[in-house]
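In: sequence plus the predicted model coming up.
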Amino acid sequence: MTSSLRKKEALTAWLFITPYLIGFTLFHFLPVLLSAVLSLTDMRYISMIDKTHLIGLGNYIEMSRDPEFWNAFRNSIVYSVCFVPFVMAAGLLLAVLVNQKIHFRNGIRAMIFMPYVSNMVAIAIVWSILLDPVDGIVNQTLRALGFTNAPMWLMGSKTALYSVVMIAVWREVGLQFVTYLAALQEVPTELKEAAQIDGAGRFQQFIYVTLPLIRNTTFLLTITSIITSLKNFTIIQVLTAGGPGNSTTVLPLNIVDTAFASARMGYASAQAMVMFILVMGVTIVQWVGKNRSEIY
């Protein structure tokens, strides 16, 4: 290949990726950089930059002693620990079932994926009506079946967070389902047939043939699910607004409340940086573990 042709190919490549790089720089890199700078200040209002002072790690020191931050941090971890395995297991199970030769398969695919592309606010409003502890159809059905102590769902401090997780899993499982379904359809049938000849049953084929071949998909979905769970805001804001009490207040809600209700931009930026480091740390650990397993 001549040098002029290589230059033309390189120029073409840069022309294609430049719009993305511009968007990434303006809407991702610069905001993260600005947030890192603001986290070292006591800024309270954007219009009062002249009254902003550099306080170093003051916000982070205050954060380490802030019970509201630790409550939000704990709720985010609990939410993520509950959400990620359930949504991935449900997506994989549905993909395995729908991947079989069944009737109305395309219609079932559409129904499972539909909640994912539906409006988040509309979904939250519908579920809040369904889970109303007095007039909701869910509790009415439970009482009709003989359950006198029906759960409070979104109104109970001990059940609200898990109710939100249940709704989020129902909404997000469509993406997991479609991605896993595509991965399952790429698994070579020859390998399954060879395992069957060697005496492996369906479960053994799934464990020793299918799962290893879709582990890259599992890795991708694990990363995206963790990020989704940690940055979840809209559905919790609409369903519970962080209540009752602070039982469903997660990091994104606490950051927004600190930034706009309390008008403490610097302190909110420090919390956002902690959230960013948490997500990056989880991603790096999983990436290193994935690379080591591939080498093994």
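Out: Received, thanks. Numbers count the residues shown, from 1 in each chain.
In: residue 82 is in contact with residue 162, correct?
Out: Yes: with contact defined as C-beta atoms under 8 Å, residue 162 and residue 82 form a contacting pair (6.7 Å). Every C-beta, even on glycine, is put in place using the N, C-alpha and C of the backbone.
In: quick check: which ranges of this protein have low pLDDT?
Out: 1-2, 45-50, 290-296 (pLDDT under 70).
In: report the central residue of it.
Out: Nearest to the geometric centre of the chain sits residue 228, at 1.5 Å (C-alpha atoms, centre = their mean).
In: ok, and the closest non-adjacent residue to it?
Out: Among residues not flanking residue 228 along the chain, residue 172 sits closest, at 6.5 Å (C-beta to C-beta, 6 or more residues apart in numbering).
In: the one helix or strand that neighbour maps to packs against which elements?
Out: Assigned by DSSP states H and E, residue 172 belongs to helix 160-185. Using 3 or more C-beta pairs under 8 Å, 6 or more residues apart in numbering; DSSP states H and E, the elements in contact with helix 160-185 are helix 67-98, helix 105-117, helix 120-130, helix 215-230, helix 234-239.
In: pull out the buried residues from that helix.
Out: Residues 160-181, 183-184 are the ones in helix 160-185 that count as buried (16 or more other C-beta atoms under 10 Å).
In: any figure for the gap between the residue nearest to the centre of the chain and residue 252?
Out: 11 Å (C-beta to C-beta, to the nearest Å).
In: please apply the same query to residue 231.
Out: Counting by C-beta to C-beta, the gap from residue 231 to residue 252 is 6 Å.
In: same question for residue 155.
Out: Relative to residue 252, residue 155 is positioned 22 Å away (C-beta to C-beta).
In: the two: who's more crowded?
Out: For residue 155 versus residue 252, the count of surrounding residues by other C-beta atoms under 10 Å is larger for residue 252: 20 against 17.
In: for that one, give its distance to residue 115.
Out: For residue 252, the distance to residue 115 equals 21 Å [C-beta to C-beta].
In: skipping its backbone neighbours, what lies nearest residue 171 in space?
Out: Leaving out its chain neighbours, the residue that sits closest to residue 171 by C-beta to C-beta, 6+ apart is residue 115, at 4.8 Å.
In: typed the wrong thing, it's residue 218
Out: Leaving aside its chain neighbours, residue 218 sits nearest to residue 88 (7.3 Å; criterion: C-beta to C-beta, 6+ apart).
In: so who does the one you found touch?
Out: By C-beta atoms under 8 Å, 6 or more residues apart in numbering, residue 88 lies in contact with 176, 218, 221, 222, 225.
In: would you list these in JSON lines and tack on distance to residue 121?
Out: As requested, the contacts of residue 88 are arranged in JSON lines below (distance: C-beta to C-beta, whole Å):
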{"residue": "176", "distance to residue 121": "22"}
{"residue": "218", "distance to residue 121": "31"}
{"residue": "221", "distance to residue 121": "25"}
{"residue": "222", "distance to residue 121": "27"}
{"residue": "225", "distance to residue 121": "22"}
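In: who wins on neighbours among the residues you listed?
Out: residue 176 (26 neighbours).
In: and that residue, what does it touch?
Out: Contacts for residue 176 (C-beta under 8 Å, 6+ apart) come out as 87, 88, 90, 91, 92, 95, 221, 225.
In: right, and the pair among these with maximum separation?
Out: By the measure C-beta to C-beta, 95 and 225 form the most distant pair in these, at 14.6 Å.
In: still on that earlier bit, how far away is the residue nearest to residue 171 from residue 131?
Out: Distance of residue 115 to residue 131, given as C-beta to C-beta: 16 Å.
In: between those two, which is the more surrounded one?
Out: residue 131 (22 against 16).
In: ok, the more buried one touching residue 150?
Out: No: if you go by C-beta under 8 Å, residue 131 and residue 150 don't touch, sitting 10.1 Å apart.
In: what residues are shared contacts of the two?
Out: Residues touching both residue 131 and residue 150 (C-beta under 8 Å, 6+ apart) are 138, 139.
In: and residue 120, how many neighbours does it have?
Out: By other C-beta under 10 Å, the residues close to residue 120 number 16.
In: what's around the residue nearest to it when sequence neighbours are not counted, how many residues?
Out: Spatially, and ignoring its direct neighbours in sequence, residue 120 is nearest to residue 234 (4.7 Å; C-beta to C-beta, 6+ apart). The tally of other residues near residue 234 (other C-beta under 10 Å) stands at 14.
In: ok, now which ones touch residue 234?
Out: With C-beta under 8 Å, 6+ apart, residue 234 has these contacts: 120, 121, 124.
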